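Visitor: Here's a sequence, model it:
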Amino acid sequence: MALLCLLLTACGKPEPAPPAAGIRESETWYVAWLGSEKIGYLRKTVSRTPEGRLRLYSENYVSARTLQHPVRMKAIEIVEATPDFQPYRYFQKIETGLDAVYQVKGWLEGDQFKIEVASSGNIIKTKSFATADLTFPQLADQKILSEDLSPGLRRTFQVVNPVDFLPIRITLAVDRAPPDKIPADRSNVLRVTAALGAIEIVSYVDTSDPEPFLIEWPQMELKYIRGDKEAAERVASAAPADIDLAYFAAVVPTGGSAPPESSGRVRVVLRGPGLGDLNLSGDFQKVIDKSEEQVTLEIGWPDILALADRPSAASPVDSSVVTPAIRKIAGLFRERPPLEFSRGAIRWMRAHIRQVPTSLVPSADDVLEIRQGDCNEFSALFHALASAAGLPSKIVSGVVYMDGKYFYHSWNELFVGGHWVPVDPILNEVPASLKHIKLIEGDYSASWRLAACLRTLRIDILN
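Guide: Okay, the predicted model is just below:
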């Protein structure tokens, strides 16, 4: 149902639900639309293994453009569970058309369920969960379907994203569908809303057929319309959709002129839902005023001359991203002061990594392997190089002002002179310009939190 739209899956502890005896085997196809363009398909199957376990399979394919470059991605998820919905095996794979493949595996090991995240065959992280505290979104869907669907039904789940292990609260709510969502050939239609913070994914279900005929992600203008295998295959075999994902999600600001490049300060006002879930404060980005759906920020340029000669205070270094290949490259610039290291590392990256949009969920080793990428790949690689040099750094994401619009973007912060200084590897800015607005901290797996706000975000430039 609705949660199958998520490309990043999660695990957690739900409220109790009946056993899976009423589950019907099925195969359902959907055509994906973004705005008025077909951009892919979703395939979902429900079946049982020879051993009697429940098996849920989903295949999510996207074909579009970003910054005029074609992008194709296929995400596959498989969940096996016991008849009482206890997870037994999990698998997720994201194929991007590049050499790198992103995978998540999970399996039952005694009374623990172990989850392993890998990229291009390299294990990134692992974590074990007690089986009593574990479920997956697909299983949550099936638990709801095994009940008698009726308006007023509510279920809440505390879940954990298996990619970064961060907690997420999901609430499922069943209500009557509004009249404009009820097709002429259907009668008893219900609306099932999955809320993840400010993100809402809405499914419309006919009680005579538990598989939804329409799934919508309103904030992104994304929807899945039920169709057949032939319709989905036609989308997959066609050229990438003309819609450009980067421009579709861009924010056109109002108010004053463009923010300055490298001097002074700029104030901006952010408006929209979900702002409370973002990381808006920083050493050079201050929250001046804040309400439920409006935040005023002041972004200032750091005093680089003052910072350059000051030693960095102690701060943790992310050693998990350091590999022998990363350490070798970082060694070329290791003895330089932090900002000089940044400039040298960025020069190396721009000389050896081709700048093209990708749909990879990146690790630094992936970037070295494929030798191409966009802002996500550049920020992942810079973070690893800085860590290998013993320099504390972060990956941050938000928006950057270009061509009259604010576009999604990812860059870094480097701990220098007791402050987190913004550094943009792909734009070759040390420090990053005042055209950046940080919204979240964390690697690419955390960027799903921006989905709730980018299409509804409004930005006013005050000066």
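
Visitor: Which pLDDT value belongs to S263?
Guide: pLDDT recorded at S263 is 67.

Visitor: same question, K93
Guide: Value listed for K93 in the pLDDT field: 88.

Visitor: neighbours of S257, just the number please.
Guide: 9 (other Cβ atoms under 10 Å). Any C-beta I mention is one placed from the backbone N, CA and C, and that applies to glycine too.

Visitor: Equivalent analysis for K93, please.
Guide: 15.

Visitor: Ok, A330 next?
Guide: 22.

Visitor: residue contacts, it?
Guide: Taking Cβ atoms under 8 Å, 6 or more residues apart in numbering, we find A330 in contact with 345, 384-386, 388-389.

Visitor: export the residues you listed to TSV and tack on distance to L214?
Guide: Converted to TSV, those look like this (distance: Cβ to Cβ, whole Å):
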residue	distance to L214
A345	48
A384	42
L385	46
A386	46
A388	48
A389	51
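
Visitor: Reformat the residues you listed as CSV; add secondary structure.
Guide: Listed next are those as CSV, based on DSSP: H, G, I helix; E, B strand; the rest coil:
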residue, secondary structure
A345, helix
A384, helix
L385, helix
A386, helix
A388, helix
A389, coil
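
Visitor: so which of those is the most crowded?
Guide: L385 (31 neighbours).

Visitor: For G300, state which of the contacts of A330 is nearest.
Guide: A386 (22.6 Å; Cβ to Cβ).

Visitor: I'd like to know how far that closest one sits from S319.
Guide: Distance of A386 to S319, given as Cβ to Cβ, to the nearest Å: 12 Å.

Visitor: ok so, going back, is it possible to get a markdown table of the contacts of A330 that adds pLDDT and distance to A351?
Guide: Compiled in a markdown table, the contacts of A330 are given as follows (pLDDT from 0 to 100; distance: Cβ to Cβ, whole Å):
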| residue | pLDDT | distance to A351 |
| --- | --- | --- |
| A345 | 95 | 11 |
| A384 | 93 | 17 |
| L385 | 95 | 14 |
| A386 | 94 | 18 |
| A388 | 92 | 18 |
| A389 | 91 | 18 |
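
Visitor: Between those residues, which sits nearest V295?
Guide: A386 (28.8 Å).

Visitor: Now the closest one. Nearest residue, chain neighbours left out?
Guide: Distances taken as Cβ to Cβ, 6 or more residues apart in numbering put S393 closest to A386, at 4.0 Å, once the chain neighbours are dropped.

Visitor: Ok, A325 next?
Guide: Closest to A325 by Cβ to Cβ, 6+ apart is L368, at 5.6 Å.

Visitor: which residues sit in contact with the one you found?
Guide: 325-326, 329, 381.

Visitor: Which one (most neighbours) among these?
Guide: Top of the contacts of L368 by neighbour count (other Cβ under 10 Å): L381, with 30 neighbours.
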